[in-house]
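>>> sequence first, predicted model second:
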Amino acid sequence: MEIRKTELDGVLLLDLEAFEDHRGEYVETYNENKYRAAGIAVHFVQDDISVSSRHVLRGIHGDQETWKLVSCLHGKFYLVVVNCDTSSASFGKWQSFVLSDRNRCQVLIPPRHGNGHLVLSETAIFHYKQSTDYNPGGQFTYKWDDPELNIWWPVKDPILSRRDENGHFV
């Protein structure tokens with residue numbers, strides 16, 4: 001596993017190693033001892049997936065206390081991570097990543113950062129580990145096309161939920 005810092009403080013890009021042979025592929029997506037040895041001492045308590053179709057955009061969501069470890073189990077998506085910490089000098093700064101079942105990258109997202117993803121393949125499976133139990137009441141949502149954030153997305157008319165279409169600040 002190779003770990004790289006990103007433009008956003010606390011956000012890490014992890015390149016996983018895959019073993020391939022004539023039978024297929026094997027990838028270890030998480031090993032607490034290896035992650036701790038690499039300096040990632042987050043204790044994860046919940047795993048979730050979302051399955052979406054091409055051009056579905058989910059997010060930008062986050063909360064004040066949860067770490068997330070995001071990966072793509074199937075397909076390909078465009079992931080955006082935004083610093084949503086209003087007390088940070090980097091508030092509103094964002095960075096994008098393309099995650100897929102071929103590149104086997106993960107992104108570690110700290111608390112007070114939001115994330116959203118847009119499906120680029122026919123379907124995609126978005127997987128994330130969380131350091132806290134999901135708390136819908138503690139979530140914030142930023143509108144995907146908020147002009148103050150000025151995020152570039154690969155499509156102009158994504159498929160959205162009502163929550164993501166309207167957005168709100170918490």
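Right, received. Where do you want to start? Keep in mind that what you see is a predicted model, and the values were worked out from it rather than measured. Numbering: from 1, shown residues only.

>>> strands of this structure, start to end?
Ranges of strands within the chain are 2-5, 12-15, 18-21, 24-27, 46-53, 57-62, 68-74, 76-83, 94-100, 105-109, 113-119, 123-130, 140-141, based on DSSP state E.

>>> low-scoring stretches of this protein, by residue?
For the chain, the stretches with pLDDT under 70 are 168-170.

>>> need the residue closest to the centroid of it.
Val70 (4.5 Å; C-alpha atoms, centre = their mean).

>>> got the contact list for it?
Val70 is in contact with 79, 99, 106-109, 115, 117, 126-128, counting by C-beta atoms under 8 Å, 6 or more residues apart in numbering. Every residue, glycine included, has its C-beta placed from N, CA and C.

>>> and which of those is nearest Arg162?
Distances from Arg162 to the contacts of Val70, taken as C-beta to C-beta, are shortest for His117 (17.8 Å).

>>> quick one: that closest one and Asn150, what's the gap?
18 Å (C-beta to C-beta, to the nearest Å).

>>> for Ser121, same thing?
Ser121 sits 26 Å away from Asn150, taking C-beta to C-beta as the criterion.

>>> counting neighbours, go ahead and name the busier of these two.
Neighbour count, other C-beta atoms under 10 Å: between Ser121 and Asn150, Ser121 has more, with 16 against 9.

>>> wait, the more buried one sits on Gly75?
Yes: with contact defined as C-beta atoms under 8 Å, Ser121 reaches Gly75; the gap is 3.6 Å.

>>> and Val119, how far from Gly24?
The gap separating Val119 from Gly24 is 24 Å, by C-beta to C-beta.

>>> out of the two, which sits in the more crowded spot?
Counting neighbours by other C-beta under 10 Å for Val119 and for Gly24 shows that Val119 has the greater number, 26 against 7.

>>> wait, what's in contact with that one?
52-57, 75-77.

>>> please redo it, this time with the cut-off set to 10 Å
50-58, 72, 75-78, 125-126, 155, 158-159 (C-beta atoms under 10 Å, 6 or more residues apart in numbering).

>>> Arg23 now?
Per C-beta under 10 Å, 6+ apart, neighbours of Arg23: none.

>>> equivalent analysis for Arg54, please.
Contacts of Arg54 (C-beta under 10 Å, 6+ apart): 75-77, 118-124, 155, 158-159.

>>> circling back: show the buried residues in the contacts of Val119.
Among the contacts of Val119, those scoring as buried are 52, 54, 56-58, 72, 75-78, 125-126, 158-159 (criterion: 16 or more other C-beta atoms under 10 Å).

>>> in JSON lines: those residues, plus distance to Lys93.
JSON lines is the format used below for these (distance: C-beta to C-beta, whole Å):
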{"residue": "Ser52", "distance to Lys93": "26"}
{"residue": "Arg54", "distance to Lys93": "28"}
{"residue": "Val56", "distance to Lys93": "25"}
{"residue": "Leu57", "distance to Lys93": "20"}
{"residue": "Arg58", "distance to Lys93": "21"}
{"residue": "Cys72", "distance to Lys93": "23"}
{"residue": "Gly75", "distance to Lys93": "27"}
{"residue": "Lys76", "distance to Lys93": "24"}
{"residue": "Phe77", "distance to Lys93": "21"}
{"residue": "Tyr78", "distance to Lys93": "17"}
{"residue": "Ile125", "distance to Lys93": "28"}
{"residue": "Phe126", "distance to Lys93": "22"}
{"residue": "Pro158", "distance to Lys93": "22"}
{"residue": "Ile159", "distance to Lys93": "27"}
